[in-house]
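> below is the sequence, then the predicted model.
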Amino acid sequence: MCHVYAIRLAVVLSLVVGAAQVGLAQLRLPSGWQIEAGISSHVSGYSGDIGHRGSYGVLSDTQWHLVQAGGGMSLRAQQRGKRLGWNLDLRRIRIQGADSASNNAIAFVRNLHFQNAMTEVSATADWPIVRFGGQLGEWNLTHHFRAMAGLALLHHAPMAQVDIHNLSYEALNELGLNTPGQWHDLRALRTEGVDYAQWVMTAPIGLSYTLSAHSGSGKPWHLTLTGLWRFTQTDQLDDIGSQYSDPWKMSPLGLALSSQSNPDDMPPCAEAPNISTYQYQQGLASERQAIRGNAQTNDCYWTLGLKVAKSLTASSTNVFHRKRFRGQKVENKR
């Protein structure tokens, strides 16, 4: 299976590079720019209202066994003689979380979960921190460590299933509102009684390492390892944001997905939380309703990816320092 995946990856890369070369030839971009195109694969995770309660901040809250794989395409441009590089990336990113995998008893009884298949279009700038070169046989090698930051536009759509132990599970199946294993669009069901946008702005920031290699062509291949963290202005990547909503303002399916706490999933401890604390309480003022999520923090997500790219325009072979000696080399002074 590995060799089949490698063949598919090579075919996709050749198509991307070929299409980019044709496009550049037609666009006739100004000379003096180094352009590269490539494809990437990554793993991704999130930090939000579902997760572990670690003592090292957002990274220790990530449920690492639930990280997801994704892929994307990218273009990078850098003007010759300049250090700043510009990146345009299109990525398919998947995140998920489950209270059933949490190490926190209160979250475990809440019993919520989600998955979110997201599309991200990002524009970032990179700046070299360290760069040096070398040679391996006929191959000229260069190494770049860069800092990256920019902006991205994210489309997201959180989804969830009705738990088989949910008190409404059988009734929803009989009404034809659910089938076993079906995933439902949480945004459309308004599980917290609020509307939120499918498109949001994010701010990627991170580091990358690139190994570039060529054997005299002047158009090197690039292998880049990139880690990016995204700060967002939404608390709804997991569809959990604030308080439990009035059940009379949502559909039966929305109500079932809003509160999935049930007796069969109670933890085996003497002081288990009461299920009523995970439901809307009739007669209470809105500000006193049970808390469903932390409204004081926004959701974040990250990717750790590997990109393979090919330069479409020739680059200078000496990009690290000016030659100190420009005259003819002297082999023997005597």
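Received it, and whenever you're ready, just let me know what you need. Residues are numbered from 1 along each chain as shown.
> for Ile164, see how far away Pro128 is.
According to CB to CB, to the nearest Å, Pro128 stands 53 Å off from Ile164. Placement of C-beta: from N, CA and C, glycine included.
> what is the mean pLDDT for stretch 32-44?
For stretch 32-44, mean pLDDT rounds to 94.
> neighbour count: Pro128 and Ile164, which is higher?
Pro128 (15 against 12; other CB atoms under 10 Å).
> give me the beta-bridge partners of the more buried one?
Pro128 has these beta-bridge partners by DSSP bridges: Arg146.
> surely it is in contact with His144?
Yes. Shown here, Pro128 and His144 form a contact pair, counting by CB atoms under 8 Å, at 5.7 Å.
> quick one, phi psi at Asn173?
The phi and psi values for Asn173, taken as degrees, to the nearest 10, are phi -70, psi -40.
> tell me which element the closest residue to it other than its chain neighbours falls in.
Of all residues not flanking Asn173 in the chain, Thr179 sits nearest, at 6.8 Å (CB to CB, 6 or more residues apart in numbering). Counting by DSSP states H and E, there is no helix or strand that carries Thr179.
> where do the strands of this structure begin and end?
Secondary structure of the chain (DSSP state E): strands located at 33-47, 68-79, 85-98, 113-136, 139-155, 158-160, 184-185, 199-214, 221-232, 300-311.
> which residues are in contact with the residue nearest to Gln115 when sequence neighbours are not counted?
In space, and not counting its chain neighbours, Gln115 is closest to Gln96: 4.0 Å by CB to CB, 6+ apart. Contacts were defined as CB atoms under 8 Å, 6 or more residues apart in numbering; by that measure Gln96 touches 46, 66, 68, 113-116.
> hang on, the earlier thing: what is the neighbour count of the residue nearest to Asn173?
Thr179, neighbours per other CB under 10 Å, totals 9.
> and the pLDDT at it?
On the pLDDT scale, Thr179 gets 96.
> for Val162, see how far away it is.
9 Å.
> do the same with Phe145
Taking CB to CB, one finds Phe145 at 47 Å from Val162.
> those two: which is more packed in?
Neighbours were counted for Phe145 and for Val162 using other CB under 10 Å; Val162 has more, 22 against 13.
> my guess is Gln236 contacts Tyr196, does it?
Yes. Checked against CB under 8 Å, the pair Gln236 and Tyr196 is within contact range at 4.5 Å.
> now list whatever residues contact both of the two.
Arg187.
> and Val194, how far from Met201?
19 Å.
> so where is the chain shaky, pLDDT-wise?
1-31, 54-59, 268-273, 315-334 (pLDDT under 70).
> show me what contacts the closest residue to Ser259 other than its chain neighbours?
Distance criterion CB to CB, 6+ apart; nearest residue to Ser259, sequence neighbours excluded, is Gln279 at 5.1 Å. Shown in contact with Gln279 (CB under 8 Å, 6+ apart): 244, 259, 261, 290.
> which among the residues you listed count as buried?
Among these, those buried by neighbour count (16 or more other CB atoms under 10 Å) are 244, 259, 261.
> using PDB, write out every CA atom in stretch 279-297.
The C-alpha trace of stretch 279-297 is given here as PDB (Å, rounded to 0.1, in the frame of the first residue of the first chain):
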ATOM      1  CA  GLN A 279     -29.500  20.300  30.600                       C
ATOM      2  CA  TYR A 280     -31.500  23.500  30.300                       C
ATOM      3  CA  GLN A 281     -33.400  24.300  33.500                       C
ATOM      4  CA  GLN A 282     -36.900  25.700  33.000                       C
ATOM      5  CA  GLY A 283     -37.600  28.700  35.200                       C
ATOM      6  CA  LEU A 284     -34.000  29.800  35.600                       C
ATOM      7  CA  ALA A 285     -32.800  33.100  34.200                       C
ATOM      8  CA  SER A 286     -30.500  32.800  31.200                       C
ATOM      9  CA  GLU A 287     -27.400  34.000  33.100                       C
ATOM     10  CA  ARG A 288     -28.000  31.200  35.600                       C
ATOM     11  CA  GLN A 289     -28.300  28.300  33.100                       C
ATOM     12  CA  ALA A 290     -25.900  25.400  33.200                       C
ATOM     13  CA  ILE A 291     -22.600  26.000  31.500                       C
ATOM     14  CA  ARG A 292     -22.000  24.000  28.300                       C
ATOM     15  CA  GLY A 293     -18.700  25.500  27.300                       C
ATOM     16  CA  ASN A 294     -16.100  28.100  28.200                       C
ATOM     17  CA  ALA A 295     -17.200  31.400  26.600                       C
ATOM     18  CA  GLN A 296     -14.000  33.100  27.800                       C
ATOM     19  CA  THR A 297     -11.700  31.300  25.300                       C
END
